[in-house]
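S.K.: Sharing a model that was predicted from the sequence below.
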Amino acid sequence: MRTTTLLHELITASAERDPASAALTAGTATLSYQDLDAQVAGFAAGLIELGLDRAERVGIFLDKRIETVVASFGTARAGGAFVPVNPILKGEQIGHILRDCNARVLVTSPERLPMLAETLDHCHDLRQVILTGPLTRPVELQSVSLHQWSDVLASAPRNGHRIIDNDLLSILYTSGSTGRPKGVVLSHRNMVVGAKSVASYLGNRPDDTLLAALPLSFDAGFSQLTTAFHSGARVVLLNYLLPQDVLKAMVKEKVTGLTAVPPLYIQLAQLKWPETVTDHLRYFANTGGRMPLETLKALRAHLPRTQPFLMYGLTEAFRATYLPPDQVDIRPDSIGKAIPNAEVLVLREDGTECAPNEPGELVQRGAHVAMGYWNDPDKTAERFKPLPATAPGRQAGFVLPEIAVFSGDTVRRDEEGYLYFIGRRDEMMKTSGYRVSPTEVEEILYSTQLVGECVAFGVPHPALGQAICVIATGKDGAALDGAALLAECKQRMPAYMVPAVIAPRDGPLPRNPNGKIDRKTLSAEYQDQQKVQQ
């Protein structure tokens, strides 16, 4: 059996085991592992023919389609580094990413190229654009050559550059809700070890069908490809407009595994599910934030025979923890324990380990830890730091430092070793002398069953320090009853936690490019409105 240490080898190994097995479905088209491996090899050869050097970046600006997957894995096979660009981004954001990572090649569609023409003229490192189809109207580009996808795939076989598992594989850009997006640098080792780790606890196998509903520019979205290809399973690519589209795809394709973020699950939980879904949906997994308990209860009512996996992770370390299904009834508010081949620590500011139930910063060590932020030494130094000499796993005789990722998230660990998310340090609200997590407030709001979606944040207040504000939508499309919600808050919350403002809003609430409710944008909009009114 082939040893898999590089990303593209996940596909090749599965093609050697079962070449005719279905690997990838997009719309009505399905590729076998053999065909997918051949296309990946063809694209890699085409990049080499175009002159791509080792570790040079290939930007990919497409929706979820077969070419997106082939370009990503083909770039890896050539020895380059792929940079997936979220398809909902606009020209300025796209230009920033392509310039920041010094992209040499861009893969996009003829429909998307016209909106990029002006932006690409300012991407001085860009030399080649590969189009998935012919242009329907002329587009003028300076210093950039246009190539057709079919021509690139038809290139004569060529070997890629020699690479090892610690080499640069990909740069994933964060959503940029606090400013310009940062590029998280991942190695082959990061992604391959991550795929094997996640597949092991999810129990992925060749007869699985995984639904790729999240953006492939999001680490959890791309993980659907890597875990499936490692396991020899099939991935269904879905570009959805409405939550109902996700449900329809699960029924049509008999999906066995779904991974999504809480805002999507909140919407899915409010739909009517066919009873047949739980017959084939073996598990659903949550990532990208805490799943509200009311949402979890609703999903489990819809899916009585489906296993829930509650996960926590950050792009800087791929995945960190998961809660096994047999623990969900016992501790549904926990994010679990460290995933296989990772260690998660809870540390004080001085680097010593926290006592049970003492809040501290979540710090992760191991093969999943990324290689830092691209072209940003200051932010890299803030987040990726040497483990303190007092941290578990360190010995006095070690001379070289070990770099771990310091998440910026506050958690606690109970006596049995299970972790609980408290909040992000930069989102914690300080009111009346108390530190309050916005997720804690939101959890209680969801438990009232009066809201569809909600977000909590703090705004400056002369007496309180910060006042707690909430923006919420009504449940099931109805208008929000703010007075009833406030009354429930007073019943369920200590006085310091009760929102000072509950602002109703029509749904759905805006998302950031990774599908999460955009807390910072909503907070900024609210505070700007207040300034105007003053």
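M.R.: That came through fine. Numbering: from 1, shown residues only.
S.K.: Spell out the residue ranges of the strands in the stretch 251-400 of the chain.
M.R.: In the stretch 251-400 of the chain, the segments counted as strands under DSSP state E, counting those that start in this stretch are 257-260, 283-286, 307-312, 321-323, 337-338, 342-347, 360-366, 384-386.
S.K.: May I have the strands that pair with the third one, each with its orientation?
M.R.: Each strand paired with strand 307-312, and its direction, by DSSP bridges: strand 283-286 (parallel), strand 321-323 (antiparallel).
S.K.: now swap in the longest one and tell me
M.R.: Strands flanking strand 360-366 in the sheet, each with its direction: strand 342-347 (antiparallel), strand 403-413 (antiparallel) (DSSP bridges).
S.K.: Would you mind putting the strands paired with strand 307-312 into JSON lines with mean pLDDT and mean neighbour count alongside?
M.R.: C-beta: built from backbone N, CA, C; applies to glycine. Formatted as JSON lines, these follow (pLDDT from 0 to 100; neighbours: other CB atoms under 10 Å):
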{"stretch": "strand 283-286", "mean pLDDT": "96", "mean neighbour count": "23"}
{"stretch": "strand 321-323", "mean pLDDT": "96", "mean neighbour count": "24"}
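S.K.: Tell me which of those sits nearest to Asn204.
M.R.: Across the strands paired with strand 307-312, Asn204 has its closest neighbour in strand 283-286 (9.3 Å, CB to CB).
S.K.: Tabulate the CA atom coordinates of the closest one in PDB.
M.R.: Output in PDB follows, covering the C-alpha atoms of strand 283-286 (Å, rounded to 0.1, in the frame of the first residue of the first chain):
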ATOM      1  CA  TYR A 283     -22.900  11.700  11.300                       C
ATOM      2  CA  PHE A 284     -23.100  15.500  11.400                       C
ATOM      3  CA  ALA A 285     -20.200  17.500  12.600                       C
ATOM      4  CA  ASN A 286     -20.100  21.100  13.900                       C
END
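S.K.: all strands of the stretch 401-534 of the chain, in order?
M.R.: In the stretch 401-534 of the chain, strands defined by DSSP E, counting those that start in this stretch lie at 403-413, 419-424, 429-431, 434-436, 451-461, 465-474, 501-504, listed in chain order.
S.K.: right, and His8 touches Val40 too?
M.R.: Yes: look at His8 against Val40 with CB atoms under 8 Å: they come within range, at 5.9 Å.
S.K.: And the spatially closest residue to Ile88 that is not a sequence neighbour, how far from Leu214?
M.R.: For Ile88, ignoring the flanking residues on the chain, the nearest one in space by CB to CB, 6 or more residues apart in numbering is Pro513 at 5.7 Å. Pro513 is 11 Å from Leu214, where distance means CB to CB, to the nearest Å.
S.K.: again with Ser143
M.R.: In this structure, Ser143 lies at 35 Å from Leu214, with CB to CB as the measure.
S.K.: neighbour count winner among the two?
M.R.: Leu214 (24 against 10; other CB atoms under 10 Å).
S.K.: Phi and psi next, for that one.
M.R.: phi -80, psi 160 (degrees, to the nearest 10).
S.K.: before we move on, back to that, the strands of the stretch 401-534 of the chain: lowest mean pLDDT?
M.R.: For the strands of the stretch 401-534 of the chain, the bottom mean pLDDT is recorded on strand 434-436, which sits at a mean of 72.
S.K.: and for His8 and Val40, which residues touch both?
M.R.: Shared contacts of His8 and Val40 (CB atoms under 8 Å, 6 or more residues apart in numbering): 73-74, 77.
S.K.: Return the member of the residues you listed nearest to Leu106.
M.R.: Gly74 (14.1 Å).
S.K.: following the strand or helix carrying that closest one, which helix or strand comes up?
M.R.: The secondary structure element spanning Gly74 is helix 66-78 (assigned by DSSP states H and E). Of the helices and strands lying after helix 66-78 in sequence (DSSP H and E), the nearest is strand 81-84.
S.K.: Now that following strand - C-alpha only, CSV.
M.R.: Coordinates of the C-alpha atoms in strand 81-84 are reproduced here as CSV (Å, rounded to 0.1, in the frame of the first residue of the first chain):
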residue,chain,number,x,y,z
ALA,A,81,1.4,26.2,-3.4
PHE,A,82,-2.3,26.7,-4.0
VAL,A,83,-4.2,29.7,-2.6
PRO,A,84,-8.0,29.2,-2.7
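S.K.: in it, what counts as buried?
M.R.: Within strand 81-84, the residues scored as buried using 16 or more other CB atoms under 10 Å are 81-84.
S.K.: Mark out where each domain of this protein begins and ends.
M.R.: Here the domain assignment for the chain is 33-187, 429-533, based on automatic domain parsing.
S.K.: Single out the most deeply packed of the ones you listed.
M.R.: domain 33-187 (a mean of 20; mean count of other CB atoms under 10 Å).
S.K.: Show the end-to-end separation of that one, please.
M.R.: Across domain 33-187, the straight-line distance between its terminal residues is 24 Å, by CA to CA, to the nearest Å.
S.K.: Alright, that wraps it up for me.
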